[in-house]
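**Q** everything below, folded, please.
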Amino acid sequence: MGKTLPLTQRDENQWHLLDGEQSLAHLASDADNGLSAAEAQQRLQEYGPNRLQEASRASLIHLFINQFRDLMIQVLLAAAVIAVFLGEPQDAIAILVIVVLNALIGLVLQYRAENAMAALREMAAPAAQVLRDGYYQTLPAAELVPGDIVMLESGAVVPADLRLLEAIQLQVDESMLTGESLAVEKSSAALAAAGTALGDRLNMAYRSTLVTRGRGRGVVVATGMRSEIGGIAGMLSDVELLDSPLKRRLTAFSKRLA
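**A** All right, here's what the predicted structure looks like:
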């Protein structure tokens, strides 16, 4: 089995435009035999396990303290100290109340983001039916790699992002990704529109979505943090790094004020 072809970011997002044979050729995979155990092991070392990154969760106290690292907050705390020395305790109390409320709001938002990350990890499929060395076997979903051929059946959780090769009355609940409450009828035909929305990519099945009816078969195109749900997990893990334009301006003003 040959090595997978290098993928550009555009390729990774355009699998729905390729037909099944093109997808298999791009991934150097075989619909009848799947990957060999040796090739799968090599790809596992290259791509890493099919799981979402799990950072150690900070304690509530640590999260609360982190809210005071912002320069604007530090300037306000300094202003409160100065107000006390100037004999204006009411001003100091007002400033401290604002600072504490801001810290509590930030704490709640970050805590919810961490809980959402944990929930995404819990939605992962524990195992999958994978075609390896010419026959299907049950393997831990964490061992899936791009190019693996996976069988889907009613009631199963999709273990990775798949380009569907077969879809027999296959319906998938994608509400966690698209918000669409109704299950989506899937097919294996290539789509023509490059700008097709995620929920309209009928020849794709995405990690952590639920098969509600029928059966199908697909080739793994993305695992772990490279999957669609992995992208969401990445944004959640970076929630504290995303600054609004207002916050950036306040930071710049705080520097001048300091």
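**Q** does Met225 really touch Tyr47, like I thought?
**A** No - the criterion here is Cβ atoms under 8 Å, and Met225 misses it with Tyr47 at 10.0 Å. From N, CA and C alone the C-beta is placed, and that goes for glycine too.
**Q** how about the strands in the stretch 1-150 of the chain?
**A** Ranges of strands in the stretch 1-150 of the chain, per DSSP state E, counting those that start in this stretch, are 127-132, 135-140, 149-153.
**Q** out of those, nearest to Leu162?
**A** strand 149-153 (6.0 Å; Cβ to Cβ).
**Q** so what does the closest one touch, helix or strand wise?
**A** strand 127-132, strand 161-173, strand 210-222 (3 or more Cβ pairs under 8 Å, 6 or more residues apart in numbering; DSSP states H and E).
**Q** may I see those arranged in a markdown table, with mean neighbour count and distance to Glu21 as well?
**A** Output for the helices and strands packed on strand 149-153, formatted as a markdown table (neighbours: other Cβ atoms under 10 Å; distance: least, Cβ to Cβ, whole Å):
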| stretch | mean neighbour count | distance to Glu21 |
| --- | --- | --- |
| strand 127-132 | 20 | 16 |
| strand 161-173 | 21 | 9 |
| strand 210-222 | 21 | 11 |
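**Q** may I see those strands arranged in JSON lines, with mean pLDDT and distance to Thr138 as well?
**A** Below are these laid out as JSON lines (pLDDT from 0 to 100; distance: least, Cβ to Cβ, whole Å):
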{"stretch": "strand 127-132", "mean pLDDT": "94", "distance to Thr138": "5"}
{"stretch": "strand 161-173", "mean pLDDT": "96", "distance to Thr138": "17"}
{"stretch": "strand 210-222", "mean pLDDT": "95", "distance to Thr138": "15"}
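**Q** mind putting those strands in TSV, distance to Ala197 included?
**A** Output for the helices and strands packed on strand 149-153, formatted as TSV (distance: least, Cβ to Cβ, whole Å):
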stretch	distance to Ala197
strand 127-132	26
strand 161-173	15
strand 210-222	17
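**Q** just to check, Gly208 is in contact with Ile229?
**A** I think there's a mix-up here, since residue 208 is Ser and not Gly. Yes - using Cβ under 8 Å, Ser208 is in contact with Ile229, at 4.9 Å.
**Q** just to revisit the earlier point, the helices and strands packed on strand 149-153: which one's closest to Ile149?
**A** strand 127-132 (3.8 Å).
**Q** just the CA trace of that closest one, in PDB.
**A** Extracted in PDB, the C-alpha atoms of strand 127-132 (Å, rounded to 0.1, in the frame of the first residue of the first chain):
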ATOM      1  CA  ALA A 127     -14.900   1.300  18.600                       C
ATOM      2  CA  ALA A 128     -15.500   0.900  14.900                       C
ATOM      3  CA  GLN A 129     -15.900  -1.800  12.200                       C
ATOM      4  CA  VAL A 130     -12.800  -1.400  10.100                       C
ATOM      5  CA  LEU A 131     -11.600  -3.100   7.000                       C
ATOM      6  CA  ARG A 132      -8.000  -4.200   7.500                       C
END
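**Q** quick one: contacts of it?
**A** 33-37, 40, 136-141, 143-144, 148-151, 153, 159-160 (Cβ atoms under 8 Å, 6 or more residues apart in numbering).
**Q** if you set the cut-off to 10 Å instead, what comes out?
**A** 29-37, 39-40, 50, 136-145, 148-153, 156-160, 217, 219-220 (Cβ atoms under 10 Å, 6 or more residues apart in numbering).
**Q** Glu46 touches Arg226, doesn't it?
**A** No - if you go by Cβ atoms under 10 Å, Glu46 and Arg226 don't touch, sitting 11.8 Å apart.
**Q** and Leu35, how many neighbours?
**A** Leu35 has 27 neighbours, counted by other Cβ atoms under 10 Å.
**Q** same thing with Ile93?
**A** 13.
**Q** so how far is Asp70 from it?
**A** According to Cβ to Cβ, to the nearest Å, Ile93 and Asp70 sit 20 Å apart.
**Q** again, but for Gln171
**A** 47 Å.
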